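Q: Using only what follows, build the 3D model:
(2 chains)
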Amino acid sequence: MNNTANAGTIPWQQTGELRATKLPAATFGQLMAEIKDLNQKYNYDPILNAVKNKQPMMATTDQFLPEVCVALDLPYYFTPKIGADVCGGRKDAMEIIDAANGLGLDGMTCDLHKVGMYLLQAGKLPIPTLILTGNAPCDGCATVGEMMLNYKPWANLPRFSLDCPYSKDPESMAYIARQMKAAVAFLQEATGRKLDMDRLKKVCEESNKQCRLMFDIQELRRSKPCPLDWPWGMNTWRVGRQIMCGDLIGTDWLQRLYDLALQQVRNKKGVEGVTEKIRYTWFDAAPVFGNIVFPRLEKDLGAVYVVDLYGFTPPLTPIDTTNLDTICGSLAQRYMVETPMTRSAMSTADVYCNDIVRLVREFSLDAVVMPGHVGHKDQSASREIVKETCRGIGVPLLFLGCDCFDARPMPPDKVYDKMSTFFEVLG
Amino acid sequence: MQSGLNSEVFDKFARIAGAINNSEVENWKKQGGKVMGYFCSFIPEEIFIAAGLLPFRMRATGSCGTDQADVYFSSNNCSFPRHCFNQALVGKYDFLDGLVVGTSCDNLRRIYDNWKISSVKTSFLYMMDRARTSGEPMVEYTLSELRKLKAGMEAHFKVTITDEGLWQAIRLTNATRRLQQQLYELRKADSPPITGAETVPIMVSSFSMPKEKYNAGLTTLLGELRGVAGSKAYRARIMIVGTGQDDTFLCDLVENQGGLVVMDQACWGARTMCRTIAETGADPLQAIARHHTLDVPFCAKMNAAFQKRAQFVLDMIKAYRVSGVIIEHFVSCEPWGVDSVMLKQRLDEAKVPYLQLVRDYIPSQIGQMTTRVGAFLEMIGGVL
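A: Sure, this is the predicted structure:
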């Protein structure tokens, strides 16, 4: 199969040149509103167009090689993001989760994966032309990949499986870098497209700029009062890594968010209408019920959600664009060590705890909330370790044990009650 | 249901499987021996044996609760690591000189971290990574991790693990596997001389005592079993697929209601012994790495391996004339939960009846499960 000649039907970077669109300065509200459009236009539309035009399109379980996919003009979806979009945005999300339970999946499986598995089994996912799976960051991602590989209607699709090591020593990192290089070869073969190294370098350089901006945005949250409200951490990650990786429009969006946040800091302004009294981290994925719980906590108690697991971006090492080997080595580092959740779930508990310590110290946090999302077994099994860590640095910890993507097991009111009681005890 | 087996050797195996710190471990320790605990089946006992240690596969036999472990784990977590860790916290694993935790599932891995901060003091605590995707390119990674484990053990225990020692250990554990294969062969008969519930302690004890003694005992037992007539008075031949099986709970549930468990693809059963490790080659560690990365029918935690797992189940259904499959897994087990969805599709295609049971390590809702198993047996085997 050779689709090189038809690559131009995909709406982004049609000519191989990165766009240089500059969008006007915006308000927080405008930036938030743009995300939905960006997601549709630059993530879902290319997927649907590829299917319609019989172009290469990939199903995957995580973002292993986003820069390479952009450079290859290869649209793709990864099921946890579809799960997040469904759980966070569709009215029938709970019905889909219930239907997934009906497959016989374990009830404690993460909803993001339940959604992906159900949509797959129901034949509701766009049919890809190739599959890339990997066994990180969690058992859920690994198993949804296994289900993709064994879904009969996709049996003849070309596939590649990455084996992500738990160890992070140089030998292990070289192991995953070698596999990523092999995956790049696979992507070229399966799409019939030759990777343009100059294009890849440009995408990587743009991605480096984005990562720097994401880090800078995060650093502004150190300010008191915190200039950014609770949803911006996850959304920064979504735009910078999941939707607009390596794309100038994504860089623009991040730059505008940075500018707004910086303006807030300079004006010593925090979250609109909130007198900041307590600063805390919700050290997990932002929950779908956040808009019910967190604004109430801000208003009633001045408790501000400063940073979360996905909003926390460790300093991302710039991709070394010298050659394909250095690029793959950098992408391995970025995925295994610097991507939220993969970083903590694919490591010993020390990594998760050290990140909490760093956040508490550097972001002047008064409290740590450990949601203990039902799907994050590694975190749930770390509660005492985190408690000891927090005790060691004199910061109180609340462990919830909720489901971040299905509010039914622990409804928002209950989460609010637990958190408000906790904060009130703090004084 | 009982086979009519009356054997001192079997009784000994049952005593060993029925406790953690058993008489064989005690004797080993009395003689100055050291014991190495490990999670799970892909951690190679051969390295421990070659180092002169007694391998002991971790389980939570006798556990009554998880009160102490629940300080460390959440109720979201699988009950197997919680019960095992609880047993460690109450002192049942004080005899261990070392513990190797494999990078298995998300639930189990944190035992390593929790063990480290807990009051349980084990002088050698090691987490062993390995390839968790089956494939030729992954063998090298498992091999490199085995080399690191070997080096770590040599430094800590001040021993030298030689290639010859490893080959000897491979031959020894292969002998165990071959004897266990003979045991399973007997279960193919119309009137098997041994039940599923009787098989479990025989398998479990092999991970809890010196292999030489075990092999001698099992050789004797196999001789005894050849004289046992067995019984045809069962209404269905059942295969169990999934997690656990270090106790007889599920076999009892089936066999007390007239079924007979004739085969399994379980953590403590056929998965551990259905293939042997190559006994020749340039590097014994490579032979071990290949075995655990390419050969065995794998736990559901191994990726790119479902076809092999499913094919094994389908092959065994034919070989053992299985009339129904019970897929069981612990609550919170995502790998087996997802595998069960796919396996059920394969069983549907093969027109093999199945029942999926989700349980805790120490089962609750026994009445409900009894009813479901009874109804399943009635559906596939009729009334006894």
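Q: Low-confidence regions, the chain specifically.
A: With no chain named, the answer covers chain A. Where chain A drops to pLDDT under 70, the residues are A:1-25.
Q: Can you look at chain B instead?
A: Scanning chain B for pLDDT under 70 picks out B:1-3, B:382-384.
Q: and if we set it to 90?
A: Filtered on pLDDT under 90, chain B yields the residue ranges B:1-6, B:121, B:227-233, B:243-245, B:297-298, B:363-365, B:381-384.
Q: At the geometric centre of it, which residue do we find?
A: Nearest residue to the geometric centre of chain B (Cα atoms, centre = their mean): residue B:268, 1.7 Å.
Q: Number of residues surrounding the closest residue to residue A:26 other than its chain neighbours?
A: Excluding the flanking residues, the one nearest residue A:26 by Cβ to Cβ, 6 or more residues apart in numbering or on different chains is residue A:256, at 5.3 Å. For every residue, glycine as well, the C-beta is placed using N, CA and C. Residue neighbour count, defined by other Cβ atoms under 10 Å in any protein chain shown, stands at 21 for residue A:256.
Q: Tell me the buried residues in the strand or helix carrying residue A:256?
A: Using DSSP states H and E, residue A:256 maps to helix A:248-266. Neighbour-count burial for helix A:248-266, with 16 or more other Cβ atoms under 10 Å in any protein chain shown as criterion, is recorded at A:248-258, A:260-261, A:264-265.
Q: circling back to that earlier point, quick check, the residue nearest to the centre of chain B in contact with residue B:243.
A: No: assessed by Cβ atoms under 8 Å, residue B:268 is found out of contact with residue B:243, at 9.7 Å.
Q: Please enumerate the strands of the chain.
A: Here I'm looking at chain A. Using DSSP state E, the strands found in chain A span residues A:58-60, A:76-78, A:130-134, A:159-162, A:278-282, A:303-308, A:367-370, A:397-399.
Q: The intended chain is chain B.
A: Under DSSP E, chain B gives strands at B:35-39, B:54-57, B:98-102, B:124-128, B:236-242, B:259-266, B:324-330, B:354-359.
Q: I'd like to know which of the ones you listed lies nearest to chain A.
A: Across those, chain A has its closest neighbour in strand B:354-359 (5.5 Å, Cβ to the nearest Cβ).
Q: Run me through the strand neighbours of the closest one, direction for each.
A: strand B:324-330 (parallel) (DSSP bridges).
Q: Distance from the chain centre to the partner strand, please.
A: Strand B:324-330 sits 15 Å away from the centroid of its parent chain (Cα atoms, centre = their mean, to the nearest Å).
Q: With just CA atoms, put that strand into PDB.
A: Listed next in PDB are the C-alpha coordinates belonging to strand B:324-330 (Å, rounded to 0.1, in the frame of the first residue of the first chain):
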ATOM      1  CA  GLY B 324     -17.000 -26.400  30.300                       C
ATOM      2  CA  VAL B 325     -14.500 -23.600  31.200                       C
ATOM      3  CA  ILE B 326     -14.600 -21.500  34.400                       C
ATOM      4  CA  ILE B 327     -12.800 -18.200  33.900                       C
ATOM      5  CA  GLU B 328     -11.900 -16.800  37.300                       C
ATOM      6  CA  HIS B 329     -10.100 -13.700  38.300                       C
ATOM      7  CA  PHE B 330      -9.700 -11.600  41.400                       C
END
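Q: can you pull the contacts of whatever residue of the stretch 1-150 of chain A ends up closest to chain B?
A: Proximity of the stretch 1-150 of chain A to chain B (Cβ to the nearest Cβ) peaks at residue A:106, 3.2 Å away. For residue A:106, the contact set (Cβ atoms under 8 Å, 6 or more residues apart in numbering or on different chains) comprises B:329, B:331, B:332, B:333, B:334, B:336, B:337, B:338, B:358.
Q: Mind checking which of those residues are in helices?
A: Among the contacts of residue A:106, DSSP state H puts B:334, B:336, B:337, B:338 in helices.
Q: Quick one: residues contacting the residue lying closest to the first one once chain neighbours are set aside.
A: With Cβ to Cβ, 6+ apart as the criterion, residue B:334 has its nearest non-adjacent residue at 4.2 Å, and that residue is residue A:139. With contact set as Cβ under 8 Å, 6+ apart, residue A:139 has these partners: A:377, B:105, B:106, B:301, B:334, B:335.
Q: Over to residue A:149?
A: A:131, A:133, A:159, A:161, B:304, B:306.
Q: Mind picking the one among these that's closest to residue A:423?
A: Lowest distance from residue A:423 to the contacts of residue A:149 (Cβ to Cβ) belongs to residue A:133, with 41.6 Å.
Q: Assess the claim that that closest one and residue A:143 are in contact.
A: No: using Cβ under 8 Å, residue A:133 is not in contact with residue A:143, being 9.9 Å away.
Q: Around residue 234, count how many other residues there are.
A: Just going to use chain A. Neighbours of residue A:234 (other Cβ under 10 Å): 21.
Q: should've been chain B
A: Neighbourhood size, residue B:234 [other Cβ under 10 Å]: 25.
Q: How about residue A:134?
A: Residue A:134 has 28 neighbouring residues, counting by other Cβ under 10 Å.
Q: Show me the helices in the stretch 51-200 of chain A, by range?
A: Along the stretch 51-200 of chain A, counting by DSSP state H, counting those that start in this stretch, helices occupy A:66-71, A:79-89, A:93-101, A:111-121, A:139-149, A:170-191, A:197-220.
Q: need the contact list for the nearest residue to residue B:248 once chain neighbours are set aside.
A: Leaving aside its sequence neighbours, residue B:248 sits nearest to residue B:197 (Cβ to Cβ, 6+ apart; 4.2 Å). Residues near residue B:197 by Cβ under 8 Å, 6+ apart: B:1, B:248, B:251, B:252, B:255, B:261.
Q: most surrounded residue in those?
A: Neighbour-wise, those (other Cβ under 10 Å) top out at residue B:261, 32 neighbours.
Q: and the residue lying closest to that residue once chain neighbours are set aside, what does it touch?
A: Distances taken as Cβ to Cβ, 6+ apart put residue B:196 closest to residue B:261, at 2.5 Å, once the chain neighbours are dropped. Residue B:196 makes contact with B:187, B:238, B:240, B:248, B:251, B:254, B:255, B:260, B:261, B:262, B:264, according to Cβ under 8 Å, 6+ apart.
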